[in-house]
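1. coords please:
(chains A and B)
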Number of protein chains: 2
Amino acid sequence: MAAGDRASTLPLLGAAKAGVHVPSKRIKQLPMLFALVGVIVAPILLFVDFQSVRLSPQAAPIEQAALTSVTTSSYAVNADGTRDLLKECEEKYFTQTLDHFGAGAPTYEQRYFICNKHGRKDGVIFFYVGNEADVELYLNNTGLMWENAEEFGATLVFAEHRYFGKSVPFGKKVTKHMQYLSTEQALADYAVLITHIKDTYKLDVPVVGFGGSYGGMLGSWFRMKYPHIIDGVIAGSAPILAFLGDEKPVDMESFARVTTFDASPEAGSAANCIPNIRRVWSTMTKLGKTKEGRKDLFSAFSLCESEKLEKEKDVAALIDWAKSAIDYMAMGNYPYPSPYIMNGQSVLPAYPVRVACEHMKDEYAPEDDLGLLRAFRDSIGVYYNSTLDQECFKTSAPSEESANDDNFWQYLFCSELYMPVSIDGVNDMFWSVPWNQTADNESCIEQWGVSLRPTWAMTQYGGRKALYAASNIVLSNGNYDPWSGTGVLENISDSVVAVAIDGGAHHLDLFFKNELDPPSVVAAREIELAHARKWIRQYYEHRASVAA
Amino acid sequence: MAAGDRASTLPLLGAAKAGVHVPSKRIKQLPMLFALVGVIVAPILLFVDFQSVRLSPQAAPIEQAALTSVTTSSYAVNADGTRDLLKECEEKYFTQTLDHFGAGAPTYEQRYFICNKHGRKDGVIFFYVGNEADVELYLNNTGLMWENAEEFGATLVFAEHRYFGKSVPFGKKVTKHMQYLSTEQALADYAVLITHIKDTYKLDVPVVGFGGSYGGMLGSWFRMKYPHIIDGVIAGSAPILAFLGDEKPVDMESFARVTTFDASPEAGSAANCIPNIRRVWSTMTKLGKTKEGRKDLFSAFSLCESEKLEKEKDVAALIDWAKSAIDYMAMGNYPYPSPYIMNGQSVLPAYPVRVACEHMKDEYAPEDDLGLLRAFRDSIGVYYNSTLDQECFKTSAPSEESANDDNFWQYLFCSELYMPVSIDGVNDMFWSVPWNQTADNESCIEQWGVSLRPTWAMTQYGGRKALYAASNIVLSNGNYDPWSGTGVLENISDSVVAVAIDGGAHHLDLFFKNELDPPSVVAAREIELAHARKWIRQYYEHRASVAA
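-> Numbers count the residues shown, from 1 in each chain, chains lettered A, B, ... in the order given. Okay, here's the model as predicted:
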């Protein structure tokens, strides 16, 4: 397969170069910026700029009305499917040292939200362990916290991760001071913040943590390192076993494999989708070799700027750009229309991979390459034209500045959290990309001036081995979520448990209830809350025993 | 009581000013430098310099021959009671980053010793978690590791704590770069080092940690934070409950109380010792008020330099200097002659507090203040004249430079590990010294330019609360050890257990066996080794289950 030959020479994952494929440059943080690292294989960065283009709607139109009608939550939904719950909270800033593990560092202002409508003195703190975005995103989407606040008497706290959102030190000079961005410092921030909040609000209550994705990893590690601060953690879709050096090898190929599963009939997608997508890559590579072929690609993909596809190497970037849409749709393969993956800028339809695959359901004759590619254009348009107002796809490289703002997750990836990725090309619908740590390291040095620490995450956090010694963590994973392959899928012990969500995508369980939720996620939330109740009971029983 | 009035105005503990009372300036690290912090109440620092003075022997003469004859260990003892086991080991250096939690810091060379005579591939690593001294001290004294190496097939590793011994970064400029001295960085050093050693020596074996005093705290925290690296820890005399903010208040007065216990008939000391020592302080204070009285003090204490006792305030320093001898003898109140507390420079007799109290066994008429003081001089001479060659006590302040070298423990105390201390004056033989955090903080700012972080240790390590979530730690404490009052004295759980050593002083159990060991310490070691065997079995059973 031609694409295979070519792709194998591409730098794998290119943490330092991978960009963020978003419908608007205005978005500063992407929920799954995270997702990009480890799956992008682009040597050249392309951004889509939709600002002045209009493409015929290709995705199945989304009824905005449906967004509210399917929601059972008492927290109002905007017409565009987003929520605005900031008004339920106080926005606060707390002065933190930038170096908890050494004296003399400067301070910064960490932002957090505290939402106290239902909080009781004999209740609990629900604490969102902020990850790599503006914390408002998590505040507005973590329905599991909101919808159970009243029953639990929960004070909600949403803590922002240092260097993200409005918790960025050093202002515009932040990239000159990256040494204070680390997971350990972030966890210590949370430990100090919780201590401060319990003290300030006179709350002698247990703390239950919530976190999704990288936030789920942080949450798990928080419980492992600070069990005296956090009584238990519900970790949604945390790829906590993605690090080198554990007692079992990392399943590096799982991201591509699960993405492929989402495009399979078993996951509700059209039967021809996978073979058609496989054929797309080789077709693109073949056409990319000639000028005529590149003209065909330009036309079939409804691109705006022919100058962006003048050379053969430009095609590799186009392929990665296309693949990225599939990756994101797989992560956002939720059972109802959701703006989450689009950070509220637009809405993906219910089961977007199915919708994308619906465009690929036909068979194409061997000579009908362009029919295939046009159908594929419509598939990825489900993601790239989710705003339904694009006439053509305009691609452009991001400015250096915006890349810095957006890519702090990549700094963490380089400096601490190396999660190697490869693509099999056999058990997935992509092409073979071997693990290439050398190239990954070079990218990190080039972009951030830091070398990979390939085994540091294992030394510091311990993967499976440390989970055996831990307690009070629920790790949930949906089998539609490409990150699930490096999550915890089997119980570790009685109190470090795995929850499987059949038909669930990226931390679906953390969201607000929805009538279209599969039974699996309803059950998952019940299990999670049962554990939370147990942790809370343990806290109060222990407190009583100490007082006695 | 006059001394009480005065002492209550002294800055408590004076971490920043407290010095090291050692028989020779040449000693760069003191085993229990640690001890000084938290118990010294001196506003002015006095050092004893024995270099050119000779005092009539006051302590009971120590038969050097007895030192070897009472030893049952197969590891040879020098004539002076020390051991030299370095020849059994390889001395190595390992390059570590100074900042594990942020990229871009310089590196330093961490020293460790690896002693592989009995190591087996199906055995274990015994790992000494280095604390605040040259690691050679621990290497030569931790008999529990040496004497069980063969049975366990143990590779011995003694790791030096950063900033101590020969593991000091930045050479002579070290005090300009104190921000890298922290417990978290030290623990990360150990985690990285063990990973390196297991990899380099191809040792897929469990790791059992050993640590005494601050090393016992570090060891406990190491297991709590890095259970995937260290399978269990034997922590001797770790005052791990000495930090503010735990679920029970810190027993701040326990150090003075246990020291007093050591001087009681219940602990084998002469009946008049405690009342006599109580009277000493008020007598010294009373005499200190007049010039005549200070002359009497000079004479009664056999001081060398009258100019050091010209003013009333000099007497406070003399009192603290005297008290310090008692504190050290209590920590070193071992059942056989031992050079440990003297760092091998001289030998304390068996049960030195009893020996010291033997000088105070008589009753002194109310008018016989000087008789009392002369007897007290002989008491503290057990410590300060342990070399038996002093004619008078010469006191001098340490140079600024040597204070820096010796007092890095105090930096840790100031920057992270604030352990508040007070003296009751009622349940002990001293005088009332209330807890004074403000003064402690001022001392830290003055000496190190850092403010106390009074609750940081609790936030980071969690005290009792975190121990409930931990596993595989044995915490031993002897009731002769003044530090025992802030140790763990009751089982926390099935696998975090307390071991009481009746008649034991500071981590006696970690030392080599001795015919004079009380049965309690023989039993304690058996318990500790039984736990170690369990941890080792767990490791191999788990490994087999993973492989299956």
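2. hey, where'd the strands end up in the stretch 251-400 of chain A?
-> In the stretch 251-400 of chain A, the strands defined using DSSP state E, counting those that start in this stretch lie at A:395-396.
3. Now it against chain B: closest residue?
-> Nearest residue of the stretch 251-400 of chain A to chain B: A:D251, at 15.4 Å (CB to the nearest CB). Using the backbone N, CA and C atoms, a C-beta is placed for each residue, glycine as well.
4. Please look at A:L139 and A:K87 and confirm they touch.
-> No - using CB atoms under 8 Å, A:L139 makes no contact with A:K87, being 10.9 Å away.
5. tell me the contacts of A:G462?
-> A:224, B:226-229 (CB atoms under 8 Å, 6 or more residues apart in numbering or on different chains).
6. likewise A:G212?
-> Neighbouring residues of A:G212 by CB under 8 Å, 6+ apart: A:131, A:138, A:142, A:235-238, A:506-507, A:510.
7. what about 7 Å?
-> A:G212 makes contacts with A:236-237, A:507, A:510, as judged by CB atoms under 7 Å, 6 or more residues apart in numbering or on different chains.
8. For it, give its distance to chain B.
-> 24 Å (CB to the nearest CB, to the nearest Å).
9. Let me know the pLDDT of that residue.
-> The confidence metric pLDDT takes the value 97 at A:G212.
10. cool, and A:S282?
-> A:S282 is assigned a predicted lDDT (pLDDT) of 96.
11. Looking at A:L139 and A:K87, which one has more neighbours?
-> Remark: of A:L139 and A:K87, A:L139 carries more neighbours, 26 against 6, as counted by other CB atoms under 10 Å in any protein chain shown.
12. quick one: the more buried one from chain B, how far?
-> Going from A:L139 to chain B by CB to the nearest CB gives 25 Å.
13. Assess the claim that that residue and A:Y112 are in contact.
-> No - between A:L139 and A:Y112 there is no contact under CB atoms under 7 Å: 9.8 Å.
14. list the residues that contact both of those two?
-> Listed contacts common to A:L139 and A:Y112 are A:F158; contacts here mean CB under 7 Å, 6+ apart.
15. all helices for the stretch 101-250 of chain A, in order.
-> Per DSSP state H, counting those that start in this stretch, the stretch 101-250 of chain A carries helices over the ranges A:135-141, A:143-146, A:149-152, A:183-200, A:214-225.
16. any idea how far the second one is from the chain center?
-> On the basis of CA atoms, centre = their mean, to the nearest Å, helix A:143-146 is displaced by 18 Å from the centre of the chain it belongs to.
17. Not counting its own residues, what contacts that helix?
-> A:73, A:75, A:85, A:126, A:128, A:156, A:210, A:509-513, A:525.
18. Now the lengthiest helix in chain A: buried residues?
-> In terms of residue count, the longest helix belonging to chain A (DSSP state H) is helix A:519-547. Within helix A:519-547, the residues that count as buried by 16 or more other CB atoms under 10 Å in any protein chain shown are A:520-521, A:523-525, A:528-529, A:531-532, A:535-536, A:538-539.
19. Leaving out the residues flanking it, which one is nearest to A:P335?
-> Of all residues not flanking A:P335 in the chain, A:L516 sits nearest, at 4.5 Å (CB to CB, 6 or more residues apart in numbering or on different chains).
20. Could you measure from the one you found over to chain B?
-> 39 Å.
21. Looks like A:T259 contacts A:A325 (just checking).
-> No - at 10.8 Å, A:T259 does not count as touching A:A325 under the criterion of CB under 7 Å.
22. now the stretch 51-200 of chain A, which segments are flagged as low pLDDT?
-> Within the stretch 51-200 of chain A, the stretches with pLDDT under 70 are A:51-73.
23. returning to what we had before: show me what contacts the residue of the stretch 251-400 of chain A closest to chain B?
-> Residues counted as contacts of A:D251 (CB under 7 Å, 6+ apart) are A:485-486.
24. mind running it again at 8 Å?
-> Neighbours of A:D251 in contact, by CB under 8 Å, 6+ apart: A:241, A:485-486.
25. Just flag the most distant two among the contacts of A:G212.
-> Spanning the widest gap among the contacts of A:G212 are A:S237 and A:L510, at 8.3 Å by CB to CB.
26. Enumerate the residues of the stretch 401-548 of chain A near chain B.
-> Within the stretch 401-548 of chain A, the positions near chain B by CB under 8 Å from any CB of the partner chain are A:415, A:448-450, A:455-456, A:458-460, A:462-463, A:465-466, A:468-471, A:542-543, A:546.
27. Fine by me, we can end here.
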